[in-house]
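1. Model the structure of this input:
(chains A and B)
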Amino acid sequence: MTTEGALLVFVLSISAIVFAVFAIETRALVKSTYWYVAHSCCLIFIYVTYAIYANTPYLFIWAGLCGVNTWILPFLVGGLRYTAKRIPRDDRATRLPTAIFGATVVAAIAAVLMYSRLTLVPSGSPIEHLDREIGVNLLAGLLLFAYGIIVLLTQRHLFKLAVGLLVMTAGAHLTLVQMAPGFFTMVEIEVLTKVMGTVFAMLYAARLLAERFLTADTSLLLAEPGEARHDH
Amino acid sequence: MITEPSLLLPLIPFIPLMAALFVALGETDDAGRYVAFLCGTVPSLVLGGLLASHLVTPHGSQPVILTAWGGFLYADVLSALLICCTYFVVAAVGIYSFAYIRHDVEAGLVAESGMRLYYFLLLVFSAFMTWTLIVSHLFFMFLVIEIATIAVSFLVATYKTKYALIASFKYNLLVVMAMLFAVMGAVFIFARMTTVDPTLSRIHVLDMGKLATLLPVSLALTIVACFVCAFGTKGGMMPFHSWLPDAHSEAPAPISALLSGLVVVVGPFGFARTVALFSPHYTQVVTLAAVLGCASITLGILLAIAQDDLKRLLAYSTISQVGYVFAGVGLGTYLGIYGGLFHAVTHLLAKALLFFCAGAIIYRLGLRRISDLGGLSRKMPVTAACFFVGCLSIGGLPLFAGFPSKYTVVLALAQAHLWWAVVVSALAGTLTLAGLVWAAYRVFWGEESPKVAALAPARHELPTLMMVPMIALAVSVVVLGVWPQALYPVLDSGVRSILALVGR
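-> Okay, here's the model as predicted:
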């Protein structure tokens, strides 16, 4: 692995984290969709970089599938942008706990900067490289995974929860690339299919709620009177 | 372990899938839909029975495993048993729904097109539930679990009310999140195993026992934690249970029966296929499973008896009962896995029965608060009898199916010298019996409430199509209570096939 390849992945990993944070934090949902697209593009470029510099051609397939994912999820009918346009802007929306969010970003960037040795995984077994040095991508993957969990635990907006799930998935994905590149397409198909199916189902529910109650924020939905819970 | 090829195996999930396509695309009326549904489930139930009868082997002999598609599919007795349970409960849910959902359509709660979607999703769920039980590739197993989850989430949102949609969203979100933990666990295994065997390209479910012995302790425990999160969430175990009460209470009653009966069974099944194989090598896993299982047993029943909503009471009771299953299976011993799986089967039957009874009350009166009910036994005697049978079984009273299974789990805990767990589970069992019988008394035998008197002035039972599944489940609960030996050979073979994976 050359230094320039490692540096490229380092920059892309940081960018993926930052764009994920923007995708969650941006209040305008359509903009949030575009930040998510930027985040996904970083992932595609990371896979391509790995495929080229770490001599792991399988990752071209991963990159291709991730590319399909990146265009289908935001831009297909029923996807992120479609849903974002149908959820009214809600100025009462609850804010993400800024302290947790800020701390996560700072911790993410600091951890990457402190612990990375700019190493990348060659094709085949990666585990022997983890005894001393931590791969940039592994750390980025774990951070994205952790950030996704924080989002799912703290966010109340259904759209943001769907994006948070995607971020968490991206984290699992990056970890996978670092630790088990030989696992190849089955995993990619698995993650892609299940997450796409689930996210479309979740967005459908969010749209129905937003159409009827003019918000997709659960804290507001549950606070407002609706149909009685116990009546059949 | 003896491995035999099978041509029959791939057929089982394909039958309901074909029926689902017919329901989705065919221009049929209700009758055509019902026939398609029965054609999709009954043959698979029969095939599952044939598989089970073929796979059962005498005690002491080698367990038999059927494989197909080059080892991509497999079935041992455990798979075959759960396939039978799946199609039995799905068929019961479908038949019960013929009248129940039609009633909802006529009441305007469900659109006419929703009826077709309902049966389509029910068949899709049963097909992918079967895939879950027979697919050997670990990642593919996670995938089919997710597809089944999506189908169930749409079923939960059948009424499209605010709470139903939120419950559906929450269920989807939490289960996918949990499955991502399972993916991470599998990644850790794979990353480690490629150092031992660089040609490894997939993790076979049947290899998990061997893999468990090759991992360093810290990594093994991390992987177990991931799988506990994943399958604990899917199974509704505390503290991963938060989707369960909402989904159960907002779904139509037959779907609640499906959730409590089948959907949560995937958790213990995954547990038996993964975590239980680590238990013989790592005592920490046994302790973790016992602690979480007992927490689930105790808190579940304490929360259940505090509920006024009948369906939520039953939902929290499910959380309590799956605690027994997880505690038993997590022990990783013969008796523990035996008791856990036995309890999963008996709970599945009894809880489906109880949700059918709750659905019967909603169908007839539109009420579900216990404080609004009372004196129903005079109006709905068969429903009252069925509900009482279900309560006694869940409560673990002798001569009902729940007794031998729960007793086996408690014995297994004692055998493992987890005396605190024995005390906790025995006390919680007593509380369960008292709580459920008290609820049954208030609903059916207490003083007749004004609402019941106004809504049901005379004796009025349910349509036959709703009664048949309820009575069938009640009879099976009693038969298994009186004659539990009927299941012993199947469970024995199933447990031996699991323990064979860890060389025991």
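2. The helix or strand containing A:I24 near chain B anywhere?
-> Taking DSSP states H and E as the criterion, A:I24 maps to helix A:3-25. No: using Cβ under 8 Å from any Cβ of the partner chain, helix A:3-25 never reaches chain B; the gap is at least 14.6 Å. Every C-beta, even on glycine, is put in place using the N, C-alpha and C of the backbone.
3. Tell me the buried residues in that helix?
-> For helix A:3-25, the neighbour count (16 or more other Cβ atoms under 10 Å in any protein chain shown) marks A:5-6, A:8-10, A:12-25 as buried.
4. same deal with stretch B:411-422?
-> Neighbour counts over stretch B:411-422 (16+ other Cβ under 10 Å) mark B:L411, B:A412, B:L413, B:A416, B:L418, B:A421, B:V422 as buried.
5. Save those residues as TSV, and put in distance to B:V275 too.
-> Below are the buried residues of stretch B:411-422 laid out as TSV (distance: Cβ to Cβ, whole Å):
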residue	distance to B:V275
B:L411	21
B:A412	15
B:L413	16
B:A416	15
B:L418	16
B:A421	16
B:V422	21
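6. which non-adjacent residue is nearest B:S371?
-> The spatial neighbour of B:S371 that comes closest, neighbours along the chain excluded (Cβ to Cβ, 6 or more residues apart in numbering or on different chains), is B:D308 at 5.5 Å.
7. residues touching the one you found, list them.
-> Contact analysis of B:D308 by Cβ atoms under 8 Å, 6 or more residues apart in numbering or on different chains lists B:R369, B:I370, B:S371.
8. now for the helix or strand where B:I12 lies, which elements pack on it?
-> Using DSSP H and E, B:I12 sits within helix B:11-25. Here helix B:11-25 touches helix B:30-55, helix B:112-134, going by 3 or more Cβ pairs under 8 Å, 6 or more residues apart in numbering or on different chains; DSSP states H and E.
9. which is the next helix or strand following the longest one?
-> If I follow you right, that is helix B:30-55. Next along the chain from helix B:30-55, counting by DSSP H and E, comes strand B:64-68.
10. just to revisit the earlier point, tell me the one of the buried residues of stretch B:411-422 nearest B:Y159?
-> Of all the buried residues of stretch B:411-422, the one sitting nearest B:Y159 is B:A421; the distance, using Cβ to Cβ, is 39.6 Å.
11. Could you report the distance from the closest one to B:L411?
-> Separation of B:A421 from B:L411 (Cβ to Cβ, to the nearest Å): 12 Å.
12. Apart from its chain neighbours, what residue comes closest to whatever residue of the stretch 401-504 of chain B ends up closest to chain A?
-> In the stretch 401-504 of chain B, the residue found nearest to chain A is B:L455; the distance is 11.7 Å by Cβ to the nearest Cβ. Of all residues not flanking B:L455 in the chain, B:L365 sits nearest, at 4.7 Å (Cβ to Cβ, 6+ apart).
13. With B:M238 instead?
-> Using Cβ to Cβ, 6+ apart, the nearest residue to B:M238 is B:S296, at 4.0 Å.
14. Give me the phi and psi for the one you found.
-> With angles defined as degrees, to the nearest 10, B:S296 sits at phi -70, psi -40.
15. my guess is it meets B:M237, correct?
-> Yes: between B:S296 and B:M237 there is a contact under Cβ atoms under 8 Å: 4.8 Å.
16. quick one: which helix or strand includes the nearest residue to B:L122 once chain neighbours are set aside?
-> Once flanking residues are discounted, B:L122 sits nearest to B:G94: 5.9 Å by Cβ to Cβ, 6+ apart. Element membership for B:G94 (DSSP H and E) is helix B:77-106.
17. Could you name the helices and strands sitting against that helix?
-> The helices and strands touching helix B:77-106, judged by 3+ Cβ pairs under 8 Å, 6+ apart, are helix B:30-55, helix B:112-134, helix B:253-261, helix B:266-273, helix B:334-365, helix B:464-482, helix B:488-500.
18. OK, contacts around B:F88?
-> Contacts of B:F88 (Cβ under 8 Å, 6+ apart): B:L45.
19. ok, so what distance separates it from B:L299?
-> To B:L299, B:F88 is 30 Å away according to Cβ to Cβ.
20. B:G446 against B:G375, yeah?
-> Yes: if you go by Cβ under 8 Å, B:G446 and B:G375 touch, sitting 6.1 Å apart.
21. Please compute how far stretch B:494-504 lies from its chain's middle.
-> Offset of stretch B:494-504 from its chain centre (Cα atoms, centre = their mean, to the nearest Å): 22 Å.
22. residues of that stretch that come out buried?
-> By neighbour count with 16+ other Cβ under 10 Å, stretch B:494-504 contains the buried residues B:G494, B:V495, B:R496, B:S497, B:I498, B:L499, B:A500, B:L501, B:V502.
23. Please enumerate the helices of the stretch 101-250 of chain B.
-> If DSSP state H, counting those that start in this stretch is used as the criterion, the helices of the stretch 101-250 of chain B fall at B:112-134, B:138-156, B:162-196, B:208-213, B:217-235, B:243-250.
24. Likewise for chain A?
-> Assigned by DSSP state H, chain A shows helices spanning A:3-25, A:29-53, A:58-75, A:80-86, A:98-115, A:136-154, A:158-179, A:184-213, A:218-223.
25. ranking the ones you listed by burial, who's on top?
-> helix A:158-179 (a mean of 26; mean count of other Cβ atoms under 10 Å in any protein chain shown).
26. Dump the buried residues of stretch B:494-504 to a markdown table, plus pLDDT and distance to chain A.
-> Output for the buried residues of stretch B:494-504, formatted as a markdown table (pLDDT from 0 to 100; distance: Cβ to the nearest Cβ, whole Å):
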| residue | pLDDT | distance to chain A |
| --- | --- | --- |
| B:G494 | 84 | 27 |
| B:V495 | 86 | 29 |
| B:R496 | 86 | 30 |
| B:S497 | 83 | 25 |
| B:I498 | 83 | 24 |
| B:L499 | 83 | 28 |
| B:A500 | 81 | 26 |
| B:L501 | 76 | 22 |
| B:V502 | 70 | 24 |
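27. Any regions of chain A where pLDDT drops low?
-> By pLDDT under 70, the low-scoring segments of chain A are A:1-3, A:90-137, A:180-195, A:224-232.
28. Quick one: name the residues of the stretch 51-200 of chain B near chain A.
-> Listed as neighbours of chain A in the stretch 51-200 of chain B under the rule Cβ under 8 Å from any Cβ: B:109, B:137, B:139-140, B:142-143, B:146-147, B:149-150, B:153-154, B:157, B:160-163, B:165-166, B:168-169, B:172-173, B:176-177, B:179-180, B:183-184, B:187-188, B:190-192, B:194-195, B:198, B:200.
29. circling back: who's in contact with the residue nearest to B:M238?
-> Residues in contact with B:S296, defined by Cβ under 8 Å, 6+ apart, are B:M237, B:M238, B:H241, B:I319, B:S320, B:V322, B:G323, B:F326.
30. 6 Å - rerun?
-> Contact analysis of B:S296 by Cβ atoms under 6 Å, 6 or more residues apart in numbering or on different chains lists B:M237, B:M238, B:I319, B:G323.
31. Can you lay out the residues you listed as TSV showing distance to A:C42 and neighbour count?
-> Shown next, in TSV, are the contacts of B:S296 (distance: Cβ to Cβ, whole Å; neighbours: other Cβ atoms under 10 Å in any protein chain shown):
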residue	distance to A:C42	neighbour count
B:M237	37	31
B:M238	38	23
B:I319	41	27
B:G323	43	31
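32. what's the closest of those residues to chain A?
-> B:M238 (17.0 Å).
33. Out of the contacts of B:S296, which one has the weakest pLDDT?
-> Within the set of the contacts of B:S296, pLDDT is lowest for B:M238 (84).
34. who touches that residue in this structure?
-> Contacts for B:M238 (Cβ under 6 Å, 6+ apart) come out as B:A295, B:S296, B:L299.
35. Between the contacts of B:D308, identify the one with the most neighbours.
-> Across those, neighbour numbers were computed from other Cβ atoms under 10 Å in any protein chain shown; B:I370 holds the maximum, 20 neighbours.
36. just checking, that one touches B:A440?
-> No: applying Cβ atoms under 6 Å as the test, B:I370 and B:A440 come out as separate, 9.9 Å apart.
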